[in-house]
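In: Below are the sequence and a predicted model for it; my questions follow.
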Amino acid sequence: MKTQYFKYKKHTDTWFWIISAICLGGILAFILARGIQGNQNQLWKLLLDVSPFIFILAILIRIVAYRQAYQIEAGNKTIILDKETPKLTVEDGTNKKEILTSEIGHLKLFESYGDGPPFTDFTYMEIVLKKGESIIIPDRMANTSDLDLLLKGKRKIRKKRLMNRIKTTANTVNNFNLI
């Protein structure tokens with residue numbers, strides 16, 4: 001096989017996280033309403049007990065928001081790897097950009113240090129070209145092992161977080177900031 005096509009793989013469990021956030025928010029609202037009905041001394045104790053719920057609810061909302069951002073930005077893009085040349089072609093509707101190995105400056109890998117889903121889904125790579133442009137490719141589209149032929153010998157900078165919000169650190173030209 002001389003050519004490989006990569007498309008973004010949609011999350012199948014997003015509804016689980018949306019329903020989890022709604023249920024946890026409902027439980028939190030119920031606990032707070034019951035605490036307000038009680039006396040004032042119990043309210044402070046209740047707020048301290050509820051603070052972990054608030055933290056978990058914020059993380060659940062963040063998961064859903066990041067997944068929607070990844071889906072909106074990368075949903076209609078296609079990456080084509082020509083193994084014979086080697087050349088990477090990025091297509092976004094009518095826009096098309098071809099990248100040779102000699103044009104790539106370095107690679108930035110934004111990885112999650114979470115143990116499993118959903119945190120491992122927020123990993124992406126940013127291919128920074130020598131011209132200053134960058135191309136962002138989510139891990140659910142293609143990872144470094146898929147593009148190893150093109151990226152062999154390039155400097156890799158790794159950054160780890162719990163969840164990575166996609167942002168580019170290089171200049172973008174012709175709107176080829178692929179997410």
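Out: Great, that's in hand.
In: and the longest helix for this structure?
Out: Ranked by residue count, the top helix of the chain under DSSP state H comes out as helix 40-74.
In: who does whatever helix or strand comes next after that helix pair up with?
Out: Using DSSP states H and E, the helix or strand that follows helix 40-74 in sequence is strand 77-82. Counting by DSSP bridges, the strands paired with strand 77-82 are strand 3-7 (antiparallel), strand 87-92 (antiparallel).
In: List the contacts of strand 77-82.
Out: Outside strand 77-82, the residues that touch it by CB atoms under 8 Å, 6 or more residues apart in numbering are 2-8, 87-92, 137, 141-142, 146-147, 149-150, 178-179. The way it works is simple: take the backbone N, C-alpha and C, and place the C-beta from them, glycine included.
In: For residue 155, give me the pLDDT.
Out: Per-residue pLDDT puts residue 155 at 90.
In: Could you single out the most deeply buried of the strands paired with strand 77-82?
Out: Comparing the strands paired with strand 77-82 by mean neighbour count (mean count of other CB atoms under 10 Å), strand 87-92 ranks first with a mean of 18.
In: Could I get the average pLDDT for that one?
Out: Mean predicted confidence for strand 87-92 is 85.
In: now that strand, how far from the centre of its chain.
Out: 20 Å (CA atoms, centre = their mean, to the nearest Å).
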